[in-house]
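Colleague: My questions concern the predicted model and sequence given below.
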Amino acid sequence: MKRLSALFGTALFVLLAAAASSAQADYLNWSYTADPNVPGIAVKATSPTGGATVALTDFNNPQAGAGKIPIIAYVTSTSATTPVTFGPSVNSPATYSLALKITDSTTHDSGTLNFTGSIAGSLTATTSSLVNTLTPVTSNSLTLDGHTYTVTIPTATLAAPTSPQQDIFATISVSNATTGGGNPGGGNPGGGGHTGPGVQGVPEPGCLLLASLGCSCLGAGCWWKRRRSAAHS
């Protein structure tokens, strides 16, 4: 009997762990677009060496949501053998803005997060010390239809001109909001789209599975107790 109880407990633990893992799965029923406001950053374009550029390509067609997403494609270029410097010390600061629009695929409600980008460092025909940084203008999260999207964009070192086109990535964490659609404090950052009525009080599939397992375990426990009582009688 003790062995059966131990086996039952082990099986229950495995099932509960699997259910918890399922409940924590990311919500992926969304899409996004990412649009930098300039096609590229150029420095000293009129110099004898031809200067240097960082060409930025948007993701303006809706892309499927994921935990890690590309938000900008870029290519660096220069023929200079001496470093060409990007950054605040240059007459034309190497800054730009990025609009990241997130859309719920079921309701089609959307919101936009705005970031300020900057590129600093130096570039030659074979080397790069350029660093791209993107910081949120007001907030790095928004809420749509019961889900809160939190965006993190790590600082990235840009590749040298000898490399093919590369991507800059963001990580997206999606969690259940305590309230329905809309952002904390109301409205969408950047005025992108509108919010719907939201999803309130709808159990997650993982929660339903846990509840079913709990009822099953309770019933099994009662059955074992009755069987033991009958055996002793």
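Modeller: In hand now; what should we look at?
Colleague: doesn't Ile41 make contact with Gly51?
Modeller: No - counting by Cβ atoms under 8 Å, Gly51 stays clear of Ile41, with 10.6 Å between them. Where you see a C-beta, it was placed from the backbone N, CA and C, and this is true even at glycine.
Colleague: Looking at the two, which one has more neighbours?
Modeller: Taking other Cβ atoms under 10 Å, Gly51 and Ile41 do not tie; Ile41 has more neighbours (25 against 17).
Colleague: Give the helix, strand or coil label for that one.
Modeller: Assigned with DSSP: H, G, I helix; E, B strand; the rest coil, Ile41 falls in the strand class.
Colleague: Which strand residues bridge it?
Modeller: Beta bridges link Ile41 to Val54, judged by DSSP bridges.
Colleague: That one: what's it in contact with?
Modeller: For Ile41, the contact set (Cβ atoms under 8 Å, 6 or more residues apart in numbering) comprises 53-54, 56, 86, 94, 96, 119.
Colleague: buried stuff in stretch 101-120?
Modeller: Within stretch 101-120, the residues that count as buried by 16 or more other Cβ atoms under 10 Å are 101-104, 107, 109-115, 117-120.
Colleague: Now, the residues you listed that are in strands?
Modeller: Among those, the members falling in strands (DSSP state E) are 101-104, 110-115, 117-120.
Colleague: which two from those end up farthest apart in space?
Modeller: The span of those, defined through Cβ to Cβ, is set by Asp104 and Ala120 at 35.8 Å.
Colleague: hmm, who's touching stretch 118-132?
Modeller: With Cβ under 8 Å, 6+ apart, stretch 118-132 has contacts from 41, 52, 54, 74, 76, 78-88, 93-96, 117, 133, 155-162, 168.
Colleague: ChimeraX command for the buried members of these?
Modeller: Buried subset of these, written as a ChimeraX selection, criterion 16+ other Cβ under 10 Å:
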select :41,52,54,74,76,78,80,84,85,86,87,94,95,96,117,156,158,160,161,168
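Colleague: coming back round to it: TSV for the contacts of Ile41, including pLDDT and distance to Leu144?
Modeller: Below are those laid out as TSV (pLDDT from 0 to 100; distance: Cβ to Cβ, whole Å):
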residue	pLDDT	distance to Leu144
Thr53	93	36
Val54	95	32
Leu56	96	26
Phe86	91	36
Ala94	84	33
Tyr96	95	26
Ile119	94	31
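Colleague: Kindly reformat the residues you listed as JSON lines containing distance to Ser175.
Modeller: As requested, the contacts of Ile41 are arranged in JSON lines below (distance: Cβ to Cβ, whole Å):
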{"residue": "Thr53", "distance to Ser175": "39"}
{"residue": "Val54", "distance to Ser175": "34"}
{"residue": "Leu56", "distance to Ser175": "30"}
{"residue": "Phe86", "distance to Ser175": "36"}
{"residue": "Ala94", "distance to Ser175": "34"}
{"residue": "Tyr96", "distance to Ser175": "29"}
{"residue": "Ile119", "distance to Ser175": "32"}
